[in-house]
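In: what follows is a predicted structure for the sequence shown.
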Amino acid sequence: QAQLVESGGGLVQAGGSLRLSCAASGLTPSRSVMAWFRQAPGKEREFVAAVSTGGRTTYYADSVKGRSTISRDNAKNTVYLQMNSLKPEDTAVYYCAADLRGPVTSLTYGTWGQGTQVTVSS
């Protein structure tokens, strides 16, 4: 059974940094585009970043471009999201996703993690 487990969330002051991790099991991450999404209270889940199977191509939402870096280590079955210069509006539950079935930035991924909370204080 495919499973994604996120970690690395927490409380950080504005301007700070966090690195989120997503450990995959029961699937072959090297064969799947991997992505991060986030959902703030009262808002819809939105795309944050994605990385191609080989890690050479990355995609970012405009809201995080230049402040975040997505990467993957296929040997460790893990995807990372390094977030810098965090803002209060980055506060959300961050979800890892795999098994892409449609456009990279859409919600059409077949496997989702349980999410990790990121809270940025002003």
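Out: That came in fine, so what should we check first? Numbering: from 1, shown residues only.

In: centre-most residue in this protein?
Out: Nearest residue to the geometric centre of the chain (Cα atoms, centre = their mean): W36, 2.3 Å.

In: surely that one forms part of a strand?
Out: Yes. Judged by DSSP: H, G, I helix; E, B strand; the rest coil, W36 forms part of a strand.

In: give me the pLDDT value at the most far-flung residue of the chain relative to its centre.
Out: The centre of the chain is farthest from one residue, S122, which by Cα atoms, centre = their mean lies 22.4 Å away. pLDDT recorded at S122 is 94.

In: which residue comes closest to it once chain neighbours are left out?
Out: Counting by Cβ to Cβ, 6 or more residues apart in numbering, S122 lies nearest to P88, which is 4.8 Å off, once chain neighbours are set aside. C-betas here are computed from N, CA, C, even on glycine.

In: likewise G102?
Out: Once flanking residues are discounted, G102 sits nearest to T108: 3.2 Å by Cβ to Cβ, 6+ apart.

In: much appreciated, bye for now.
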